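1. Okay, predicted coordinates and the sequence, questions at the end:
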Amino acid sequence: DVQLQASGGGLAQFGGSLRLSCVVSGVTFDDYTVAWFRQAPGKGREGVSCISFTENETSYADTVKGRFTISRDNAKNTMYLQMNSLKPEDTAVYYCNAVRFATQTHYWGQGTLVTVSS
């Protein structure tokens, strides 16, 4: 079975930091581009950041650029999202996602809640 296990969410204060992790099992991790999405209360899911399987290419939503950093450790089958300078509008459930474009295969993690207080 393919599993994406996200962790690291919690409560942070305005301007604080959190680091999310997502362990991926059941697939060849370095075949997949991985990404973080988020869904705030009452809103649709939006892309936050992604990183290619070669680790050479990253992209970020304008709302998090300069504050969040995505990374991956292919040896540990794990992806990360370092979130700094957190704002209340970053409050959301964060989901990890793995996609293999060659086979149009993608998987979702279960989500981890991040709450930022003002």
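-> Cool, got the structure.
2. Residue 82 contacts residue 72, doesn't it?
-> No: with contact defined as C-beta atoms under 8 Å, residue 82 does not count as touching residue 72 (12.0 Å). The C-beta positions use only the backbone N, C-alpha and C, and glycine is treated the same way.
3. Between these two, tell me which one has more neighbours.
-> residue 72 (22 against 14; other C-beta atoms under 10 Å).
4. Which elements pack onto whatever helix or strand that one lives in?
-> Under the criterion of DSSP states H and E, residue 72 resides in strand 68-73. For strand 68-73, the packing partners by 3 or more C-beta pairs under 8 Å, 6 or more residues apart in numbering; DSSP states H and E come out as strand 33-39, strand 45-51, strand 58-60, strand 78-83.
5. residues contacting the residue nearest to the spatial centre of the chain?
-> Centroid-nearest residue in the chain: residue 36, 2.7 Å away (criterion: C-alpha atoms, centre = their mean). Listed by C-beta atoms under 8 Å, 6 or more residues apart in numbering, the contact set of residue 36 reads 20, 22, 47-50, 70, 79, 81, 94-97.
6. Recalculate using a threshold of 6 Å.
-> Going by C-beta atoms under 6 Å, 6 or more residues apart in numbering, residue 36 touches 48, 49, 81, 94, 96.
7. Restricted to buried residues, select those in ChimeraX.
-> Typed into ChimeraX, the line below selects the buried ones among the contacts of residue 36, using 16 or more other C-beta atoms under 10 Å:
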select :48,49,81,94,96
